[in-house]
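Trainee: predicted coordinates and the sequence they were generated for:
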Amino acid sequence: MSAEVAGSNLALAADVIRVDETIRSLRRTLKEASSVVALTGAGISAESGIRTFRGAGGLWRQYRPEKLATPEAFERDPKLVWEWYDWRRAVIQAAKPNPGHAALAELESRTVKQGGSFTLITQNVDGLHDRAGSRGIVKLHGDIWTVRCVGCGRSERNDQVPLLPLPPHCECGALMRPGVVWFGEPLPEDEWERATKACAAAQIVLVIGTSATVYPAAGLAQAAQQAGAKMAVVNPEPTALDEMAEWVLRGPSGELLPGLL
Ligand code: BV8
Ligand code: ZN
């Protein structure tokens, strides 16, 4: 074996040891923690086959978010926006929660069993955390499996795949829209309230699969850390939060999170 191959194998081995040590240290701290917050983004669903927004092959590569994920876009072309969500719902329905979602659900039940609190705050709208068994999920950006009236705000669950070709009308006469938070729209008050409260009391904040670029969600991890929480980042790529983190697990969450149990 040539010297550089031996060298790179050694470096690789050192990396694996580093990740293992980091996981062991985080696992120990989680065992003793009585209040844990997990903040997840599109990356935790990547291994379920759901495209992220900004990565290679990401949704925002093919579509411009301003073109589709805004109230103006829906106002201008309700059919186009409705079809985009219909397509995403079909992809999500065919997807399954991956070991990363399952590990968070298990971590939650262990923390609660030992008398602690565990709050899962997600930016995702795909509902995979619900299907993995997580409880009390804080959905900052809504839920792709609900529709809401533009007029009276009435919201209902809708699991239809495919959707009707056009957005239906509510009894009040206004159009129904996807029950998600678009750019330029405020986050749901009660969800934001729950998220900020949990972050203020957290001892550990796990930041998983998010580029931390969309606000105000992205600011929650920092808020938790400023309130005294230790931060762990789980992401195959570097993020702006890495330098504030006590633990950085460099890799896919589906592979790394089960190691925290
Ligand atoms: C608001 C639902 C105000 C819809 C979404 C200029 C500067 C700063 C802010 C702004 C600005 N201009 C506008 C704003 C505000 C804007 C914003 O932050 N824009 C950004 C783009 C700059 N925010 C808003 O508009 C918010 N509202 O501010 O309202 C207000 C207040 C009062 C009254 C009126 C108005 C609303 C934002 C919500 C938008 N809705 N989603 C839908 O899904 O269709 S955002 C959507 O994008 C997601 O929900 C998520 O939040 C975001 C994507 O981020 P990520 O989840 O992090 O995904 P991303 O692809 O970016 O990254 C994936 C990560 O995973 C990567 O790091 C990758 O490395 C990693 N990964 C990949 N594979 C894996 C992995 N990790 C682990 N394992 C793997 N296997
Ligand atoms: Zn209505």
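Mentor: All right, it came through fine. Ligands and ions are numbered 1, 2, ... in the order given.

Trainee: contacts, neighbours, all on C-alpha from now
Mentor: OK.

Trainee: what does stretch 18-27 contact?
Mentor: With C-alpha atoms under 8 Å, 6 or more residues apart in numbering as the test, stretch 18-27 has contacts from 232, 247-250, 259-261.

Trainee: average pLDDT for it?
Mentor: What stretch 18-27 shows for mean pLDDT is 92.

Trainee: ok so, going back, hmm, which of the contacts of stretch 18-27 are the buried ones?
Mentor: Buried subset of the contacts of stretch 18-27 (neighbour count, 16 or more other C-alpha atoms under 10 Å): 232, 247-250, 260.

Trainee: which one of those residues is nearest ligand 2?
Mentor: Ligand 2 has its nearest neighbour among the buried ones among the contacts of stretch 18-27 in A232, at 42.5 Å by C-alpha to the ion.

Trainee: residues in contact with the closest one?
Mentor: By C-alpha under 8 Å, 6+ apart, the contact set of A232 is 26, 204-207, 245-249.

Trainee: can I get those residues in a markdown table with distance to Y63 and secondary structure?
Mentor: Output for those, formatted as a markdown table (distance: C-alpha to C-alpha, whole Å; DSSP: H, G, I helix; E, B strand; the rest coil):
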| residue | distance to Y63 | secondary structure |
| --- | --- | --- |
| L26 | 38 | helix |
| I204 | 35 | strand |
| V205 | 32 | strand |
| L206 | 29 | strand |
| V207 | 26 | strand |
| A245 | 32 | coil |
| E246 | 35 | coil |
| W247 | 34 | strand |
| V248 | 31 | strand |
| L249 | 30 | strand |
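
Trainee: the residues you listed: which two are farthest apart?
Mentor: Distance extremes for the contacts of A232: the farthest pair is I204 and L249 at 14.5 Å, using C-alpha to C-alpha.
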